[in-house]
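In: structural data only, the sequence is not supplied:
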């Protein structure tokens with residue numbers, strides 16, 4: 001009884017082991033984190049990979065490689081977590097980030113200067129898993145916080161992200177940035193991975209990430225490029241950077257009306273926040289124009305233009321994908337995509353361009369739109 005009373009006055013960290021979670025991205029930095037943890041004798045309790053469904057195949061191919069190494073060193077295996085959108089009553093169903101933006105005729109949030117896609121498809125699934133993980137539940141109940149590793153390296157680019165993130169307080173998590181603490185930049189991370197006997201993983205990012213560099217796009221598989229073209233083609237009608245004056249006014253009126261309706265019912269802090277978010281009329285030619293947002297001296301705003309200018313896809317194939325962008329709204333296509341267990345989004349894209357393809361297809365379905373219950 002006396003020991004229990006003493007424990008009541010001791011920090012929770014001294015009574016229970018603080019659970020350690022690695023937010024793993026299957027890329028260079030987070031793989032270097034695992035390698036260095038092993039070298040320093042630190043064993044994590046869980047390793048979480050949030051799968052957006054849109055990583056490059058080269059990234060997915062690294063999972064069995066790291067899994068074998070984790071078994072060899074006695075670390076826990078990677079737990080793959082995913083965002084699971086609710087079934088939609090109408091419109092497109094989607095199971096990945098790419099399907100979501102194609103279905104909604106938008107672009108990933110980074111193209112608009114935001115990062116909500118990362119929060120929804122990476123952070124939220126990891127937190128949801130942890131909310132059901134018994135060691136976390138026990139530790140939170142005792143008044144502690146879970147230690148979560150974020151793989152920012154000590155290079156200039158990541159140090160800017162670290163400077164923004166380090167002061168953020170969280171009721172459930174203590175965030176740890178070990179690569180920054182250990183002074184490891186990206187090249188040092190690569191060296192550490194190789195020293196551990198592992199191949200250096202490719203850059204981890206979605207196939208259509210707006211942060212993709214032009215030289216990286218030059219190396220993309222054609223299947224990735226087709227998805228990019230289709231995505232931008234579907235989004236263009238809703239991108240303010242492509243709207244004329246009349247369209248911009250109509251867009252502003254629609255957004256302002258929706259804002260006024262929210263304002264009518266908002267109270268307190270929510271109302272104050274809304275007042276600061278009053279929509280504004282966009283200037284002609286401003287706003288997002290593509291996955292790269294705006295043009296620079298070295299590249300256009302739309303990845304599609306770069307793809308066409310550099311001959312990465314033929315003009316005929318790009319045009320057919322643009323036509324397909326609108327055909328995907330046909331009722332029969334929507335019904336097929338919503339309820340079929342065998343037809344994927346990639347196969348829908350391939351159907352429209354199969355006669356123009358020269359490899360890198362991978363289509364596994366033999367369906368035909370002539371079989372669909374839809375009449376023009």
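Out: Perfect, thanks for sending it. Computed from a predicted structure; not experimentally measured.

In: when you work out contacts or count neighbours from here on, use the C-alpha atoms and nothing else.
Out: OK.

In: does residue 193 really touch residue 29, like I thought?
Out: No - contact criterion CA atoms under 8 Å: residue 193 and residue 29 do not qualify, at 9.4 Å.

In: residue 36: neighbouring residues, count only.
Out: Residues near residue 36, counting by other CA atoms under 10 Å, number 19.

In: which SS class is the residue nearest to it when sequence neighbours are not counted?
Out: Computed as CA to CA, 6 or more residues apart in numbering, the closest residue to residue 36 that is not its neighbour in sequence is residue 192, at 7.4 Å. Classification of residue 192 using DSSP: H, G, I helix; E, B strand; the rest coil returns helix.

In: residue 33 is in contact with residue 192, correct?
Out: No - between residue 192 and residue 33 there is no contact under CA under 8 Å: 9.3 Å.

In: neighbour count: those two, which is higher?
Out: Neighbour count, other CA under 10 Å: between residue 192 and residue 33, residue 33 has more, with 26 against 21.

In: which ones are touching the more buried one?
Out: Counting by CA atoms under 8 Å, 6 or more residues apart in numbering, residue 33 makes contact with 151, 178-179.

In: which parts of the stretch 51-200 of the chain are helices?
Out: For the stretch 51-200 of the chain, helices defined by DSSP state H, counting those that start in this stretch occupy the ranges 57-60, 63-73, 97-103, 116-118, 124-130, 134-141, 156-165, 178-181, 186-195.

In: ok so, going back, and of the contacts of residue 33, the nearest to residue 164?
Out: Nearest to residue 164 among these, counting by CA to CA, is residue 151 at 14.3 Å.

In: deepest of the helices of the stretch 51-200 of the chain, which one?
Out: Among those, helix 97-103 has the highest mean neighbour count (mean count of other CA atoms under 10 Å), at a mean of 21.

In: now do it: which elements does it pack against?
Out: helix 222-235 (3 or more CA pairs under 8 Å, 6 or more residues apart in numbering; DSSP states H and E).

In: just checking, next helix/strand downstream of the helix it packs on?
Out: Using DSSP states H and E, the helix or strand that follows helix 222-235 towards the C-terminus is helix 245-265.

In: my read: residue 209 touches residue 107, true?
Out: No - look at residue 209 against residue 107 with CA under 8 Å: they stay out of range, at 9.6 Å.

In: so if I had to pick from those two, which one is more boxed in?
Out: Each of residue 209 and residue 107 has its neighbours counted (other CA under 10 Å); residue 107 has more, 29 against 19.

In: quick one: the closest residue to that one other than its chain neighbours from residue 302, how far?
Out: The shortest distance from residue 107 to any non-neighbouring residue, by CA to CA, 6+ apart, is to residue 101 (5.5 Å). Separation of residue 101 from residue 302 (CA to CA, to the nearest Å) stands at 16 Å.

In: kindly report the same for residue 251.
Out: Going from residue 251 to residue 302 by CA to CA gives 21 Å.

In: of those two, who's got more company?
Out: The residue with more neighbours, out of residue 251 and residue 302, is residue 302; 22 against 16, by other CA under 10 Å.

In: that concludes my questions; thank you for your assistance.
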